[in-house]
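>>> pasted the sequence and its predicted model underneath.
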Number of protein chains: 2
Amino acid sequence: MISVEKALQIILNSTQDFGTEISVEEIPFLKSSGRILKESIFADRDFPPFNRVTMDGIAIDYTSFQNGQRSFFIEGIQPAGSEQITLKNTENCIEVMTGAVLPKNTSAVIRYEDITIKNGIAIINIDTIYNRQNIHEQGKDEQKGAELIAKNTLIGASEIGVFATVGKSIVKVAKQPKVMIISTGNELVDVDEIPLAHQIRRSNVFTLVSLLETLRIPSTTNHISDDKEVLKNTIKEYLEIYDVLLFSGAVSKGKFDFLPEVLEELGVQKLFHQVAQRPGKPFWFGQTTTCKVFAFPGNPVSTFVNCLVYFYPWYYKSVGLKMEEKTAILAEDIYFKPDLTYFLQVKLNYKFGHLIATPISSNGSGDLSSLIKADGFIQLPNDTTEFKKGESFKVLSFKC
Amino acid sequence: MISVEKALQIILNSTQDFGTEISVEEIPFLKSSGRILKESIFADRDFPPFNRVTMDGIAIDYTSFQNGQRSFFIEGIQPAGSEQITLKNTENCIEVMTGAVLPKNTSAVIRYEDITIKNGIAIINIDTIYNRQNIHEQGKDEQKGAELIAKNTLIGASEIGVFATVGKSIVKVAKQPKVMIISTGNELVDVDEIPLAHQIRRSNVFTLVSLLETLRIPSTTNHISDDKEVLKNTIKEYLEIYDVLLFSGAVSKGKFDFLPEVLEELGVQKLFHQVAQRPGKPFWFGQTTTCKVFAFPGNPVSTFVNCLVYFYPWYYKSVGLKMEEKTAILAEDIYFKPDLTYFLQVKLNYKFGHLIATPISSNGSGDLSSLIKADGFIQLPNDTTEFKKGESFKVLSFKC
């Protein structure tokens, strides 16, 4: 049995190279939210691309104001989206709109609030104006050619806006792994069926589908009965087709827990089996040259926590994304004796900028309904048994 | 000009009733992630539905162990997914698998790790066992009929798992509002076009599409030129079709900022125009009996922040979702003199359970590229001018 830290290290050392040139795809920019950018995005022009008026009002030659002039004949108008015009007489002014190019020969913009217009003459009502005021200077935000977005950025609304601004209608993103999610266990029936007294409905595969959907990874699901030959033939085929297989169940010590045996018979290299943690201990992890196999224990909370603890970081590293660690403060003392890392269900709240983790009572790894009340798991390390209120620990949140 | 608090209050008092019976739709449970549940979910059976074995091993009658017996003939096997069998002789045992029904006449499960099996006899190698050990008792997590998930819950992976478990293949969720996002401004060209010197590409509408996608709200976009008649005819039609119109631009004091005038001419009731905030001040909000109109200022950061500050809470309230307030701790002193609420761009990091907000430098509301470096906005109220390092404030995060 290995530690959580060691297990994670092994998994992160066997990330698939979804982030190389081979594993990149081009998609329309508006479909790219939640994906990982696989190219740098550069400014195609200066930002702003011209000296941009930032207030509606008039543009004047500042020296005229300096020389004491306060009344300006309106020579013309410069709307946003029109070609730059020129102030012909520097003792006149031009009406300008937010977003317009600053007219030639002008050097300050005075807003409508600070002037009076009468008979085509604008009179300035304030005593102080500054040279270049209300002008967003060309290239002030970014120079043409500057990197605006680095490769390996998680794409969100602000990136989508920048793609549009620089004309990147198609963007390079990391390909998503092709994932098959498989449940085992003869006690399971479909969601639409009425279970007999000794049966329950399949749920873990759907929980996993949803957890992967959060990462924008589409997945397929299947159920295989606890029959060694059927299991073997089906998995053999899947190993050829998919980048990742996620299993739920059949990895413990039961008489029908054929999975580790079958995987090894199929040539899947076992990297470990059993991790010193609660819940989720019987986790089995292995690989072929083209496929990673995460075989999670079948209890609902075990499957759930292992997906967050192991599959999520594996995915992040595979696509080149650095994720910040989230920490939270325990709201209660916790005593946990076993020599295991303890993933404790918690409710998360912000109080004065502190992220507070309040433990949720649960009846163990089979208690799926307790997860409804939780927002995440706090990770209590196995180097001690007493965890004090006020101490902070890593937290894996699954609700934002 | 009204305050941010007052503006928000007006908006929250005019939420649309997307959460009523009329505004509910039924969708497949696996498509419901990110949506708002509009029914209570009850346990269709006890959870667990039977006394469930939680370890692979043997089941015995505990009284036999109490009477000093340590060696048990294996009478049969109870796999998961099989009908409950009966221990005929209470001095024997039955092999049991995780997930199986506890056999009749047995009252404790001993795991394989704690026994030796030889010639069909299981010998217990430990001194202490407890009555009912390794048994997840029927109904311990939830009793049949108990409410597992409350109405108005945001659906995520754990809810999806519970839907599956109780056989809810179709769930009732809040209908999403029908939203049209409209840009105005003659300086704007399409993403695929090469702008002339005085033009820029449309970007705000796409930022808004992405921000709404985060809420699982699909939207449509269009651009209308700064022509009062065209604007009026198009908006007239949209007011009939959509639940929400989001505008970007044409709400300031410019000669071509026709929007407020046009909306009022079309009978849209103005609820306010201009909010004491930076950025995003010229925000206009109004309604008809069937449509809400959020007319945001056209600068990219203004549009972005106003969507988070106003549209998001309006949506949450409309669908019946209570969202927790997030707070963060300022990493630097900030001095801000204007009598305005200041939405300052920040980078967010967790340190020992504290959410730290580090200000990002920006060149004002036109500087879209500065948003790439930010994770959110910290909301600095207008009742003071000095904000000290270490103080906590509300934060609107747009990256998790």
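Happy to help now that I have it. Numbers count the residues shown, from 1 in each chain, chains lettered A, B, ... in the order given.
>>> when you work out contacts or count neighbours from here on, use the C-alpha atoms and nothing else.
Fine.
>>> residues near the closest residue to A:Val189 other than its chain neighbours, how many?
Spatial nearest neighbour of A:Val189, excluding adjacent residues (CA to CA, 6 or more residues apart in numbering or on different chains): A:Arg201 at 4.7 Å. A:Arg201 has 22 neighbouring residues, counting by other CA atoms under 10 Å in any protein chain shown.
>>> per-residue confidence at A:Arg201?
If you check A:Arg201, the pLDDT there is 95.
>>> can you map out the helices along the stretch 301-400 of chain A?
A:312-319 (DSSP state H, counting those that start in this stretch).
>>> before we move on, back to that, contact partners for the residue nearest to A:Val189?
By CA atoms under 8 Å, 6 or more residues apart in numbering or on different chains, the residues touching A:Arg201 are A:Glu187, A:Leu188, A:Val189, A:Asp190, A:Val191, A:Glu193, A:Pro195, B:Ala164, B:Thr165, B:Val166, B:Gly167.
>>> just the closest of those to A:Ile85, please.
B:Ala164 (65.9 Å; CA to CA).
>>> quick one: what helix or strand has the closest one in it?
Secondary structure from DSSP states H and E places B:Ala164 in helix B:157-166.
>>> and that helix, what's its mean pLDDT?
97.
>>> interface residues of the stretch 151-300 of chain A facing chain B?
By CA under 8 Å from any CA of the partner chain, the residues of the stretch 151-300 of chain A that approach chain B are A:156-162, A:164-169, A:185-188, A:191-194, A:197-204, A:206-208, A:210-211, A:252-256.
>>> now list the buried members of these.
A:156-162, A:164-169, A:185-188, A:191, A:198-204, A:206-208, A:210-211, A:252-256 (16 or more other CA atoms under 10 Å in any protein chain shown).
>>> in stretch A:3-11, what's buried?
By neighbour count on 16+ other CA under 10 Å, the buried set for stretch A:3-11 is A:Ser3, A:Val4, A:Ala7, A:Leu8, A:Ile10, A:Ile11.
>>> is it true that the last one touches A:Tyr310?
Looking back up the chat, that one is A:Ile11. Yes - applying CA atoms under 8 Å, one finds A:Ile11 in contact with A:Tyr310, separated by 7.3 Å.
>>> how about low-confidence regions in chain A?
A:16-22, A:400 (pLDDT under 70).
>>> CA atoms only: put the helix holding B:Ala164 into CSV for me.
Taking Å, rounded to 0.1, in the frame of the first residue of the first chain, the C-alpha atoms of helix B:157-166 are listed here in CSV:
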residue,chain,number,x,y,z
ALA,B,157,-22.0,15.6,-10.0
SER,B,158,-23.4,14.5,-6.6
GLU,B,159,-26.9,15.5,-7.6
ILE,B,160,-26.6,13.6,-10.9
GLY,B,161,-25.5,10.5,-8.9
VAL,B,162,-28.5,10.8,-6.6
PHE,B,163,-30.9,11.2,-9.5
ALA,B,164,-29.5,8.0,-11.0
THR,B,165,-29.8,6.1,-7.7
VAL,B,166,-33.5,7.0,-7.2
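>>> chain A - how does it break down into domains?
Here the domain parsing of chain A from automatic domain parsing is A:4-18+A:176-319, A:23-42+A:150-174, A:52-136, A:327-397.
>>> start to end distance for the first one?
Between the start and the finish of domain A:4-18+A:176-319 there is a gap of 22 Å, counting by CA to CA, to the nearest Å.
>>> follow-up on the earlier one: quick check on the residue nearest to A:Val189: phi, psi?
phi -80, psi 150 (degrees, to the nearest 10).
>>> just the strands in the stretch 1-150 of chain A please.
A:24-28, A:41-42, A:52-53, A:57-60, A:71-78, A:93-96, A:108-111, A:115-118, A:121-124, A:135-136, A:147-149 (DSSP state E, counting those that start in this stretch).
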